[in-house]
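Participant: here you go, sequence then predicted model.
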Amino acid sequence: MILEMLTVGPFQENCYVIGDEGSGIGAIIDPGDEAARIALAVEQTELEIASIIVTHAHIDHVGAVASLVDEYACPVMMHAEAEPMLRQLPTQAMMMGLKFGKVPAVDRHVADEEVLEVGSLRLRSLYTPGHAPGHLAFYIEDEGLVLSGDALFAGSVGRVDLPGGSMEVLMRSIEERLLTLPDETRVYPGHGPQTTIGGERTSNPFLQGGLF
């Protein structure tokens, strides 16, 4: 498996380029900014990008989607509940003092527990709302890793003070969909460093209420 992480943009968001070495097929997860830099990283992997997969539609995770669609002519995939927020990107940008150009189109909705194939890689979608509507994490069981988006971080969890956020819903998502994964599962989050499910179970202060 090929997995490259790029930390991009003013929000220091983690974009991931993943791919199957055997087939040379790849995908971009959450291209938040710096489309040219992401494209350069793809070029270095020599992967053929077959899809852009989005965990949720906050501006810091989708800012480079439209440019990369123009580059690779590939489909954009996200949960149906995330699409309305995608359409609000200009408003999201204005609230943060930014400008936003073209709003990308969504080509395919991803359902909970759907398996997306990237070459021989199998990404199982985990519906994990609470930080944002329609939030998805992606579990690659054969590689022992989960791309957690902004649901779970090293030592923290996603913020819930933006539209559609709910701490109660987020904690349920983490408990039922992420903490049920094996402890050794590596967690690749939307911001910050890599961690593990077991490490967060035992040391994350947000998860120490006795429920986990």
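Facilitator: Arrived safely, thanks for sending. Just so you know, these numbers come straight off a predicted model, no measurement behind them. Numbers count the residues shown, from 1 in each chain.
Participant: what's the burial count for residue 186?
Facilitator: Per other C-beta atoms under 10 Å, the neighbour tally for residue 186 reads 16. Quick note: C-beta positions are derived from backbone N, CA and C, even for glycine.
Participant: does it really touch residue 199, like I thought?
Facilitator: No - taking contacts as C-beta atoms under 8 Å, residue 186 lies outside contact range of residue 199: 9.8 Å.
Participant: give me the buried positions along the worst-scoring helix or strand of the chain on mean pLDDT.
Facilitator: Least confident helix or strand, the chain: helix 89-95 with a mean of 80, by mean pLDDT, DSSP states H and E. Using 16 or more other C-beta atoms under 10 Å as the test for burial, helix 89-95 gives 89, 92.
Participant: what's around the nearest residue to residue 75 once chain neighbours are set aside, how many residues?
Facilitator: With C-beta to C-beta, 6 or more residues apart in numbering as the criterion, residue 75 has its nearest non-adjacent residue at 3.6 Å, and that residue is residue 107. By other C-beta under 10 Å, the residues close to residue 107 number 13.
Participant: same thing with residue 188?
Facilitator: Counted with other C-beta under 10 Å, residues neighbouring residue 188 total 21.
Participant: contacting residues around residue 146?
Facilitator: 126, 137, 138, 139, 140, 178, 181, 185, 186, 187, 188, 197 (C-beta atoms under 8 Å, 6 or more residues apart in numbering).
Participant: which helix is the longest one in this protein?
Facilitator: helix 35-45 (DSSP state H).
Participant: on contacts alone, who are the packing partners of it?
Facilitator: strand 2-8, strand 13-20, strand 25-29, helix 65-72 (3 or more C-beta pairs under 8 Å, 6 or more residues apart in numbering; DSSP states H and E).
Participant: could you tell me how far it lies from the centre of the chain?
Facilitator: Distance, stretch centre to chain centre, for helix 35-45: 18 Å (C-alpha atoms, centre = their mean, to the nearest Å).
Participant: let me see the backbone angles for residue 80.
Facilitator: Main-chain torsions, residue 80, degrees, to the nearest 10: phi -60, psi -40.
Participant: number of nearby residues for the residue nearest to it when sequence neighbours are not counted?
Facilitator: Spatial nearest neighbour of residue 80, chain neighbours left out: residue 109 (4.2 Å); criterion: C-beta to C-beta, 6+ apart. Residues lying near residue 109 (other C-beta under 10 Å) number 14.
Participant: so which of the helices and strands packed on helix 35-45 is nearest residue 86?
Facilitator: helix 65-72 (8.6 Å; C-beta to C-beta).
Participant: now what about that closest one, what contacts it?
Facilitator: Contacts to helix 65-72, defined as C-beta under 8 Å, 6+ apart, come from residues 28, 31, 35-36, 38-39, 49, 52, 54, 74, 76, 101-105.
Participant: which of those count as buried?
Facilitator: Buried members of the contacts of helix 65-72, counted by 16+ other C-beta under 10 Å: 28, 31, 35, 38, 39, 49, 52, 54, 74, 76, 104.
Participant: which pair in the residues you listed spans the largest distance?
Facilitator: Going by C-beta to C-beta, the pair spanning these furthest: 39 and 54, at 17.2 Å.
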